[in-house]
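Colleague: this one's sequence-less:
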């Protein structure tokens, strides 16, 4: 329920049975949902936790004249006879520390907080300048602002968050840094889930540093976002290891594995690299897992027309930018598109047969029937005659990869999404893999 609504601040309350009250602050980009959403809303409902949620209608870092009135309403609602835990991510993490004294906080957990976004007080990316207001002059967290035992969770590999964490820890000896390696800026994502968050909140309520760090580590280790982040970081140096992890049976047992496979570009990059390195079977296993998870396990916004109506019935042809090579039936040419956003006129192409022949005709499937690509007057058309004498587009089998040719020139995949026949020289841009 809404306890208070001002011009900028909205105060929510979920009355739960927990022996403590969690006071939360939303992060950036939730301003339009301030009247409907607050941090830990679903966790509070599922785990019956008593939560007071501060939300803001503007990206103001909660520096608003409404805050004093909202805090007064909060105090009247929950009283002072129970522990107060304060929790926030990013902008909300800043507010969790900045207002910890005014909130009479006992324990604070701030995820990737900044000490300030004002350029006079710290190094800050210029993109934050758009949020600056007069109230943000001198906005930095100061010793007089803090109260309680404060835990800052941030990724040491994130240079910006690491910089702000160090500045915060220099302010007060009561601020404890809990490293969340590989989490990136959105630490909450790598420990999300009602069971995980409630366990971490219980640990925070104990006030025991070792327990907080241990619980955070245990819950993040089980989280698919954490695995995804580790795979993303490991890819440049350990591509084959990442590929085997994606192809493993263990990943199939993860409840939210779609969280990994929905990063289609990343997975297709692995597929392309593995196939190019001479392991088509491993690449094929990952491809099948990708298609299965997108089409069956994914949410509705992931189960797109591309997976059900665009004739992806056989092999897929990937270019060097990890896009699907298609025949554009409207413009009568070859083109490339992302796997999950094919237009209705885009039909994936593939070699006529996956044998050992060096030349294999390019074809497409329409409603279960195969058609071959032929070149006519500078355009590419379709022929139902496999033995056609027209100039055909064909795949040249080079072992680990293919080239696509019109008989005299090779197909080059361009960044903008088009394919041109313009060279007889093979480069990386002319290499395609088929799975």
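Modeller: Yes, it's here. Note that the structure is a prediction, hence the values are computed from the model and not measured.
Colleague: what's near enough to touch the residue nearest to the spatial centre of the chain?
Modeller: With the centre of the chain defined as its mean C-alpha position, the nearest residue by CA atoms, centre = their mean is residue 263, 6.9 Å away. Counting by CB atoms under 8 Å, 6 or more residues apart in numbering, residue 263 touches 228, 232. Just so you know, the C-beta spots here come from the backbone N, C-alpha and C atoms, and that holds for glycine as well.
Colleague: Low-confidence stretches in the stretch 101-250 of the chain?
Modeller: Scanning the stretch 101-250 of the chain with the threshold set as pLDDT under 70 gives no residue ranges.
Colleague: now the strands for it?
Modeller: Shown for the stretch 101-250 of the chain, the strands assigned by DSSP state E, counting those that start in this stretch span residues 107-111, 149-154, 175-179.
Colleague: Quick check: residue 241 touching residue 233?
Modeller: No - applying CB atoms under 8 Å as the test, residue 241 and residue 233 come out as separate, 11.8 Å apart.
Colleague: quick one, which of these two is more surrounded?
Modeller: For residue 241 against residue 233, the residue with the higher neighbour count under other CB atoms under 10 Å is residue 233, and the figures read 15 against 12.
Colleague: highest average neighbour count across the strands of the stretch 101-250 of the chain?
Modeller: Of these, the one with the most neighbours on average (mean count of other CB atoms under 10 Å) is strand 107-111, at a mean of 27.
Colleague: Can you list the neighbours in contact with that strand?
Modeller: Outside strand 107-111, the residues within contact range by CB under 8 Å, 6+ apart are 83-90, 92-94, 96-97, 100, 148-154, 187-188, 200-201, 204-205, 207, 212.
Colleague: Which stretches in this protein count as helices?
Modeller: Counting by DSSP state H, the chain has helices at residues 41-47, 66-78, 91-98, 159-169, 194-206, 209-221, 224-234, 239-247, 258-261, 264-276, 280-292.
Colleague: which secondary structure elements does the shortest one contact?
Modeller: Right, the one you point to is helix 258-261. Using 3 or more CB pairs under 8 Å, 6 or more residues apart in numbering; DSSP states H and E as the contact criterion, the elements in contact with helix 258-261 are helix 224-234.
Colleague: What residues sit buried inside the helix it packs on?
Modeller: Residues of helix 224-234 classed as buried under the neighbour-count rule (16 or more other CB atoms under 10 Å) are 224, 225, 226, 227, 228, 229, 230, 231.
Colleague: Please report the distance of the nearest residue to the last one once chain neighbours are set aside from residue 417.
Modeller: Spelled out, it's residue 231. Nearest-residue entry for residue 231: residue 242, 5.0 Å, with adjacent residues in sequence omitted and distances by CB to CB, 6 or more residues apart in numbering. From residue 242 across to residue 417, the span is 27 Å (CB to CB, to the nearest Å).
Colleague: Those two: which is more packed in?
Modeller: Using other CB under 10 Å, the more surrounded residue of residue 242 and residue 417 is residue 242, with 24 against 15.
Colleague: didn't residue 96 look like it was pressed against residue 86?
Modeller: Yes - under the contact definition of CB under 8 Å, residue 96 touches residue 86, with a separation of 4.5 Å.
Colleague: Please enumerate the shared neighbours of those two.
Modeller: By CB under 8 Å, 6+ apart, the residues touching both residue 96 and residue 86 are 23, 25, 105, 108, 109, 110.
Colleague: From those residues, pick the one nearest residue 246.
Modeller: Distance to residue 246, by CB to CB, is smallest for residue 109 among those, at 32.1 Å.
Colleague: What does the pLDDT read for the residue of the chain most remote from its centre?
Modeller: Relative to the C-alpha centroid of the chain, counting by CA atoms, centre = their mean, residue 389 is the outermost residue, at 48.8 Å. Looking at residue 389, its pLDDT stands at 73.
Colleague: Can you pull the phi and psi angles for it?
Modeller: Listed backbone geometry of residue 389 is phi -90, psi 0, with angles given as degrees, to the nearest 10.
Colleague: State the distance from it to residue 372.
Modeller: Using CB to CB, we find residue 389 at a distance of 12 Å from residue 372.
Colleague: try residue 95
Modeller: Summarising the geometry, the distance separating residue 95 from residue 372, computed by CB to CB, is 63 Å.
Colleague: And those two? Which one has more around it.
Modeller: More neighbours surround residue 95 than the other of residue 95 and residue 372, with 28 against 22 (other CB under 10 Å).
Colleague: contacting residues around the more buried one?
Modeller: Under the criterion of CB under 8 Å, 6+ apart, the contact partners of residue 95 comprise 25, 54, 61, 62, 88.
Colleague: what's the answer for residue 189, then?
Modeller: Contacts here follow CB under 8 Å, 6+ apart; on that basis residue 189 touches 183, 225.
Colleague: now do the one 10 residues further on
Modeller: With contacts defined as CB under 8 Å, 6+ apart, residue 199 is in contact with 215, 218, 219.
Colleague: could you flag which of those residues are buried?
Modeller: Buried positions within these, assessed by neighbour count (16+ other CB under 10 Å), are 215, 219.
Colleague: Just put the contacts of residue 199 in TSV and tack on distance to residue 422.
Modeller: Below are the contacts of residue 199 laid out as TSV (distance: CB to CB, whole Å):
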residue	distance to residue 422
215	58
218	56
219	53
